[in-house]
Every structure is written in structure tokens, then in C-alpha cells.
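Asks: Show me how the following folds:
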Amino acid sequence: MPTLTRLIVALALVTACFYGAVYAIANFVDPPQREITVPVQLPGSDG
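Replies: Next up, the predicted model:
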């Protein structure tokens, strides 16, 4: 049973590190803002 406990603790630590990294990236990294222009074709227009 100690081996199972050790496995569960190791998996919990890996998962916590992963979620911590995702949280840090989501909250502390700001993407640069820029203008975006997308041409849109209207339905029925041939040109």
C-alpha cells in the first residue's frame, strides 16, 4: 500500500505543477494587442 500512496502523491504533485504553470501563464502573461483587419465577402455579391 505504501507504493500506491507514493504513486498517488507523485501524480498529484505533477498535476499541481501543471495546473500551476497554466495558472501562471493565464494570469501573468499579457499578449501584445494589435489591429486585425479581416475582409468579409457579403452573400450575393460577385465582386
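Asks: Low-confidence regions, this structure specifically.
Replies: For the chain, applying pLDDT under 70 flags the ranges 45-47.
Asks: Please enumerate the strands of it.
Replies: Using DSSP state E, no strands are assigned anywhere in the chain.
Asks: Need the residue closest to the centroid of it.
Replies: Nearest to the mean C-alpha position of the chain, by C-alpha atoms, centre = their mean, lies Val22 at 6.1 Å.
Asks: Show me the helices in the protein, by range?
Replies: 2-28 (DSSP state H).
Asks: quick one: Thr3 and Leu13, what's the gap?
Replies: Thr3 sits 16 Å away from Leu13, going by C-beta to C-beta, to the nearest Å. Every C-beta, even on glycine, is put in place using the N, C-alpha and C of the backbone.
Asks: And these two? Which one has more around it.
Replies: For Thr3 versus Leu13, neighbours defined as other C-beta atoms under 10 Å are more numerous around Leu13 (10 against 7).
Asks: Contact partners for Ala21?
Replies: Contact analysis of Ala21 by C-beta atoms under 8 Å, 6 or more residues apart in numbering lists nothing.
Asks: quick one: it from Ala12, how far?
Replies: According to C-beta to C-beta, Ala21 and Ala12 sit 15 Å apart.
Asks: likewise Thr5?
Replies: For Thr5, the distance to Ala12 - C-beta to C-beta - is 10 Å.
Asks: just Ala24 next, same as before
Replies: Ala24 sits 18 Å away from Ala12, taking C-beta to C-beta as the criterion.
Asks: now swap in Pro32 and tell me
Replies: Distance, Pro32 to Ala12, using C-beta to C-beta: 36 Å.
Asks: which of the two has more neighbours?
Replies: Set side by side, Pro32 and Ala12 show more neighbours around Ala12, with 10 against 4, by other C-beta under 10 Å.
Asks: What about Gly44, how many residues nearby?
Replies: Residues within reach of Gly44, counting by other C-beta under 10 Å, total 5.
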